[in-house]
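Student: The amino acid sequence is not available; the structure is as follows:
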């Protein structure tokens, strides 16, 4: 039990207290995640893959071993993370949690080909999924935690704007198909294909591969482009405002917590600044 508590303190901080060892382990895992993603990107270059292919494979194997050990340890200590649940329910809750699923996805592409036979195309897709291990940074990055919380808090507003945007895409695709189909049957063959033009226009990207040539089509396309400037900016504005508000809340919360720690320092065993254990003489 003491070993389990020690592992819990190292991985999760233990009762909300971030020790020096916990911070170092988190920093090491963050560095490994970043290096792993960089390695995957570099391995996509044929000259580098031919020259350092063995090194990439060894590093990938080392990464998988470390991530697998971390995943199994987090399952093992789940009952300490969720003390109100039984051991079995706590472990199931962790496995089904968003971060538990991210941890599983980070290692699953490596093990699946050994269990089930896939064709080469599916194996390539599994290799691409390795990039999702960057999501593991959420556990160790305060900024990513804030971003995820903001999306969660603003999901209703974002859902409304995305729904309105989809309706606008549907209407504009339908109208443009009817206006341009006869003049450009190869560019606007059906409403689904016209979605590409609508997305490029509403986002104001304008690749230029598909564009209207009829007078009515050009007029309607201009209106859609103007509407797109406002519609696409709505989710960005909501997220930006919420992010600034979230950062301000975090600053106030941090200042309040630090002030309370300094005022009641004798009740704590750890330094509020560095997280190191306080000697007995410093607690009074």
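Tutor: Yep, it's here. Worth saying up front: this structure is predicted, and the values here are computed from it rather than measured.

Student: where in the chain is pLDDT low?
Tutor: Across the chain, the ranges flagged by pLDDT under 70 are 1, 14-18, 117-144, 261-284.

Student: where along it do the helices fall?
Tutor: According to DSSP state H, the chain carries its helices in the segments 2-12, 20-42, 46-76, 78-81, 87-96, 98-115, 120-129, 137-140, 142-153, 155-180, 191-202, 215-263.

Student: Using a markdown table, please lay out these together with distance to residue 209 and mean neighbour count.
Tutor: Where C-beta positions appear, they are placed from N, C-alpha and C, glycine not excepted. Below are the helices of the chain laid out as a markdown table (distance: least, C-beta to C-beta, whole Å; neighbours: other C-beta atoms under 10 Å):
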| stretch | distance to residue 209 | mean neighbour count |
| --- | --- | --- |
| helix 2-12 | 50 | 15 |
| helix 20-42 | 28 | 15 |
| helix 46-76 | 28 | 14 |
| helix 78-81 | 51 | 19 |
| helix 87-96 | 43 | 15 |
| helix 98-115 | 33 | 16 |
| helix 120-129 | 25 | 12 |
| helix 137-140 | 36 | 17 |
| helix 142-153 | 32 | 14 |
| helix 155-180 | 14 | 16 |
| helix 191-202 | 8 | 19 |
| helix 215-263 | 14 | 14 |
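
Student: Turn those into CSV, including distance to residue 208.
Tutor: Below are the helices of the chain laid out as CSV (distance: least, C-beta to C-beta, whole Å):
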stretch, distance to residue 208
helix 2-12, 51
helix 20-42, 29
helix 46-76, 31
helix 78-81, 53
helix 87-96, 46
helix 98-115, 37
helix 120-129, 29
helix 137-140, 37
helix 142-153, 33
helix 155-180, 15
helix 191-202, 9
helix 215-263, 12
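
Student: Please state the backbone phi and psi of residue 44?
Tutor: Main-chain dihedrals, residue 44, degrees, to the nearest 10: phi -80, psi -20.

Student: Determine the number of other residues adjacent to it.
Tutor: 10 (other C-beta atoms under 10 Å).

Student: Roughly how far does it sit from residue 35?
Tutor: The gap separating residue 44 from residue 35 is 15 Å, by C-beta to C-beta, to the nearest Å.

Student: Likewise for residue 74?
Tutor: Noted for residue 74: a distance of 21 Å to residue 35, by C-beta to C-beta.

Student: which residues touch residue 194?
Tutor: Residues near residue 194 by C-beta atoms under 8 Å, 6 or more residues apart in numbering: 173-174, 176-177, 180, 188.

Student: what's next to stretch 81-95, contact-wise?
Tutor: By C-beta under 8 Å, 6+ apart, stretch 81-95 touches 8, 12, 74-75, 78-79, 100-101, 104.

Student: Between those residues, which sits nearest residue 184?
Tutor: Set against residue 184, the nearest of those by C-beta to C-beta is residue 101 (44.6 Å).

Student: if I pick residue 157, what's in contact with it?
Tutor: Residue 157 neighbours (C-beta under 8 Å, 6+ apart): residue 238.

Student: Residue 235 versus that one, what's the distance?
Tutor: Distance check for residue 157 against residue 235: by C-beta to C-beta, it reads 8 Å.

Student: Ok, residue 190 next?
Tutor: Taken as C-beta to C-beta, the span from residue 190 to residue 235 is 28 Å.

Student: just residue 186 next, same as before
Tutor: 33 Å.

Student: try residue 226
Tutor: Distance from residue 226 to residue 235, by C-beta to C-beta: 18 Å.

Student: Next: residue 75.
Tutor: If you measure residue 75 against residue 235 using C-beta to C-beta, the figure is 36 Å.

Student: Ok, residue 68 next?
Tutor: According to C-beta to C-beta, residue 68 and residue 235 sit 37 Å apart.

Student: surely residue 227 meets residue 202?
Tutor: Yes: Residue 227 lies in contact with residue 202 (C-beta atoms under 8 Å); the separation is 7.2 Å.

Student: what do those two both touch?
Tutor: residue 168.

Student: check contacts around the residue nearest to residue 175 when sequence neighbours are not counted.
Tutor: With sequence-adjacent residues excluded and distances taken as C-beta to C-beta, 6 or more residues apart in numbering, residue 175 is closest to residue 220, at 6.0 Å. By C-beta under 8 Å, 6+ apart, residue 220 lies in contact with 172, 175-176, 179, 212.
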